[in-house]
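Asker: no sequence on hand, only this structure:
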């Protein structure tokens, strides 16, 4: 019987904090054509990938791994080190704020995998234990302000519709009053721009409204800032790409994340899409009041 030849398999590891949405992300990959496995024991990962490489119908796999698998922490780094020598793989780390995770656990009424009596202690211990894996991740996604639908949409946009060899740039508009997006590689503060919040007829409108957009973009300070920012990004994005970075997250922040930062993020998206860059945008706090 003729032996099957090995072929290259693109592997995505989905990991992160319990309650951050790993299962939702995994289902999005499955719907996107990936062969998916959840909670696979770390010691079986190499064998599983080897089997997939001998299966012609499987070219993309996504593996969900987290602290439910008890040996995950001790073996995962070694497994990755071995696989990176021969495999094309990416690590996506999902996280959320402590308050959000507590709310999600209370809603689902499920115990934390670490099993501490105090949920907050379990979350903090887990975050501490997973920090080295977070540091090694190719992409960190903060799901604190994402609904399951928004997370699926983000996964699809960022990982399932892009060109395999391209770099994805994600823009996140946000409000400093709600905290900075921890997944951002670059942050830009636009609170110095004139604020539509203080214009009575514009205050209730979001930054995606044509009236707010017209107000923000008509300011000389905005035009000057956008020219300089786009020139800066045109300079550094190719350098990040040259260093092998697959994802770049850029945060644009104003006070509340409703007016100025969404306008600026949309303008940057428009500018770089004209240059054929794979750019997506998310307005994290645009619905906040």
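Answerer: Yep, that arrived. No experiment lies behind these values; they were computed from the predicted model shown.

Asker: and residue 152, how far from residue 8?
Answerer: 27 Å (Cβ to Cβ, to the nearest Å). In short, each C-beta sits where N, CA and C put it, glycine included.

Asker: out of those two, which sits in the busier spot?
Answerer: residue 152 (20 against 10; other Cβ atoms under 10 Å).

Asker: surely that one touches residue 21?
Answerer: No. In this structure, residue 152 is not within contact of residue 21 by Cβ atoms under 8 Å, at 9.1 Å.

Asker: and residue 140, helix, strand or coil?
Answerer: strand (DSSP: H, G, I helix; E, B strand; the rest coil).

Asker: counting neighbours, what do you get for it?
Answerer: The number of residues packed near residue 140 is 20, by other Cβ under 10 Å.

Asker: quickly list what the residue most central in space within the chain is bridged to.
Answerer: Taking Cα atoms, centre = their mean, the centroid of the chain lies closest to residue 141, which sits 3.0 Å from it. Beta-bridge partners recorded for residue 141 (DSSP bridges): residue 94.

Asker: helices of the stretch 1-150 of the chain, start to end?
Answerer: Using DSSP state H, counting those that start in this stretch, the helices of the stretch 1-150 of the chain run over 22-31, 45-53, 72-84, 98-108, 119-136, 148-155.

Asker: redo the ones you listed as CSV? Include mean pLDDT.
Answerer: Listed next are the helices of the stretch 1-150 of the chain as CSV, based on pLDDT from 0 to 100:
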stretch, mean pLDDT
helix 22-31, 91
helix 45-53, 89
helix 72-84, 80
helix 98-108, 88
helix 119-136, 89
helix 148-155, 86
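
Asker: on that earlier part again, list the residues that contact the residue nearest to the centre of the chain.
Answerer: 16, 25, 92, 93, 94, 95, 151, 154, 183 (Cβ atoms under 8 Å, 6 or more residues apart in numbering).

Asker: what's near enough to touch the third one?
Answerer: Spelled out, it's residue 92. 12, 13, 14, 15, 16, 25, 137, 138, 139, 140, 141, 159 are the contacts of residue 92 under Cβ under 8 Å, 6+ apart.

Asker: repeat that for 10 Å
Answerer: Shown in contact with residue 92 (Cβ atoms under 10 Å, 6 or more residues apart in numbering): 12-16, 22, 25, 29, 62, 137-141, 155, 158-159, 247.

Asker: equivalent analysis for the fourth one, please.
Answerer: Listed by Cβ under 10 Å, 6+ apart, the contact partners of residue 93 are 13-17, 20, 22, 130, 133-142, 183.

Asker: ok, back up a step: need the overlap of contacts for residue 152 and residue 21.
Answerer: 27, 28, 146.

Asker: that older thread, any quick ChimeraX command for the buried ones out of the contacts of residue 93?
Answerer: The ChimeraX selection below is limited to those of these classed as buried (16 or more other Cβ atoms under 10 Å):
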select :13,14,15,16,17,20,22,130,133,134,137,139,140,141,142,183
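
Asker: next up, identify which helix or strand residue 169 is on.
Answerer: strand 168-175 (DSSP states H and E).

Asker: what lines up beside that strand in the sheet?
Answerer: Short version: by DSSP bridges, strand 168-175 pairs with strand 247-254 (parallel), strand 278-283 (parallel).
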